[in-house]
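**Q** Predicted model follows, preceded by the sequence.
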Amino acid sequence: MNTFPLRICIPEADDLTMDVTHVIARTHVGLMGILAKHEPLLAACPQGTIRIQQDGVWTDYQSDPFIISTDGTNVMILSSCIARVGTTTPPQLLTPTS
């Protein structure tokens with residue numbers, strides 16, 4: 001899967017920059033997923049969870065209301081406060097047994 005640079009910016013701290021494969025966030029109009037080469041966008045998001053996939057592992061961050069933007073190449077999240085709350089592997093698909 002293609003990766004893209006993600007930068008998380010909060011006041012009074014160094015920016016967190018990483019290459020990721022997927023970002024999921026809730027906006028005021030619904031859930032949004034961002035992959036590499038996403039159409040440019042700018043969205044205001046309520047307080048909540050941001051899910052980030054990096055090297056096949058999902059990491060959840062809890063954030064105050066935030067802004068997420070992409071220019072089609074880079075993604076940036078601007079928040080007043082954000083904290084990492086957990087890491088999970090992707091859920092396994094269940095298949096029926098015969």
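**A** Noted; the coordinates are in hand.
**Q** How about residue 20: which residues does it bridge to?
**A** For residue 20, the beta-bridge partners under DSSP bridges are residue 4.
**Q** That one: how many residues sit nearby?
**A** By other CB atoms under 10 Å, the residues close to residue 20 number 19. The way it works is simple: take the backbone N, C-alpha and C, and place the C-beta from them, glycine included.
**Q** any idea how far it is from residue 3?
**A** Applying CB to CB, to the nearest Å, the value for residue 20 to residue 3 is 6 Å.
**Q** just residue 61 next, same as before
**A** Using CB to CB, residue 61 is found at 18 Å from residue 3.
**Q** who has more neighbours, those two?
**A** When neighbours are counted by other CB under 10 Å, residue 61 comes out ahead of the other of residue 61 and residue 3, with 20 against 15.
**Q** so where does the residue nearest the centre of the chain fall, helix or strand?
**A** For the chain, the residue nearest the mean C-alpha position is residue 23 (3.0 Å; CA atoms, centre = their mean). Using DSSP states H and E, residue 23 sits in strand 22-27.
**Q** Pairing partners for that strand, with directions?
**A** strand 30-34 (antiparallel), strand 48-54 (antiparallel).
**Q** Which stretches in this protein count as strands?
**A** Applying DSSP state E to the chain gives strands spanning 4-9, 16-20, 22-27, 30-34, 41-45, 48-54, 57-63, 66-70, 75-79, 82-88.
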